[in-house]
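**Student:** Turn this into a structure:
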Amino acid sequence: MTKSSPLSAKFGLSLRNEATGRVEHTVGDNDAVIIVDHGSRRQESNLMLNEFVAMFKARTGYHIVEPAHMELAEPSIRDAFKLCVQEGAKRVIVSPFFLFPGRHWQQDIPSLVADASKEHSGISYVITAPLGLHGLLVDVVNDRINHCLSHVAGDADECTACAGTGKCRIYQP
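**Tutor:** Sure, this is the predicted structure:
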């Protein structure tokens, strides 16, 4: 791959794939990623975001990746944004950990990120699309279904999402 345009090269934003000729935009060394979920009163749910962020950071190799909760839990988007800047980010990429583009993605998250950015002049930000309709989600849902069916059949342990809840079972009216 080679660098694409002078502006993209200056900011490390994209690479041109020589095989396809397509420009591929990338997360650069001066970028941070905030993965934001709704937040929950249930601490176990909030801790799962931390686990996901650790997995994401390990898999991608991105230098600055922080979790944030839109409401109900800490760290807030404001706290995560501040931490990213303290770690050296010049651009913050906010990735909503939501399935579909509802009110939180259209209004709440942009408002919270805009407020957080006001404290850090010169730091740009991007809010990405939610997970949406992506073919890999079909595989994830199918994997979850098959694992739960194996669990209720007695052939597998509970998954990490259900562990200790007793929710992964057969219900009969």
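
**Student:** mind giving me the domain split of this protein?
**Tutor:** Domain assignment for the chain by the TED database gives 31-127, 134-172.

**Student:** Assign the spatially most central residue of the chain to helix, strand or coil.
**Tutor:** Centroid-nearest residue in the chain, with Cα atoms, centre = their mean: residue 35, separated by 3.4 Å. At residue 35 the chain is in strand, as set by DSSP: H, G, I helix; E, B strand; the rest coil.

**Student:** What distance do you get for it to residue 147?
**Tutor:** The gap separating residue 35 from residue 147 is 23 Å, by Cβ to Cβ, to the nearest Å. (C-beta placed from N, C-alpha, C; glycine too.)

**Student:** dump the residue contacts of residue 40.
**Tutor:** Each residue near residue 40 by Cβ atoms under 8 Å, 6 or more residues apart in numbering is listed here: 46, 69, 72-73.

**Student:** just the domains of the chain: most buried one?
**Tutor:** domain 31-127 (a mean of 17; mean count of other Cβ atoms under 10 Å).

**Student:** How far away from the center of its chain is that domain?
**Tutor:** 7 Å (Cα atoms, centre = their mean, to the nearest Å).

**Student:** where do the helices sit along the chain?
**Tutor:** Remark: helices assigned in the chain by DSSP state H are 6-11, 43-60, 77-86, 103, 109-117, 135-152.

**Student:** For residue 128, find the nearest of the ones you listed.
**Tutor:** Closest of those to residue 128 is helix 109-117, at 10.2 Å (criterion: Cβ to Cβ).

**Student:** pLDDT of that closest one, averaged?
**Tutor:** Mean pLDDT, helix 109-117: 98.

**Student:** that older thread, just flag the most distant two among the contacts of residue 40.
**Tutor:** 46 and 72 (8.2 Å).

**Student:** would you turn the domains of the chain into CSV with distance to residue 25?
**Tutor:** Converted to CSV, the domains of the chain look like this (distance: least, Cβ to Cβ, whole Å):
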stretch, distance to residue 25
domain 31-127, 10
domain 134-172, 17
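
**Student:** Confidence-wise, which of those domains is weakest overall?
**Tutor:** Here the lowest mean pLDDT among the domains of the chain goes to domain 134-172, at a mean of 89.
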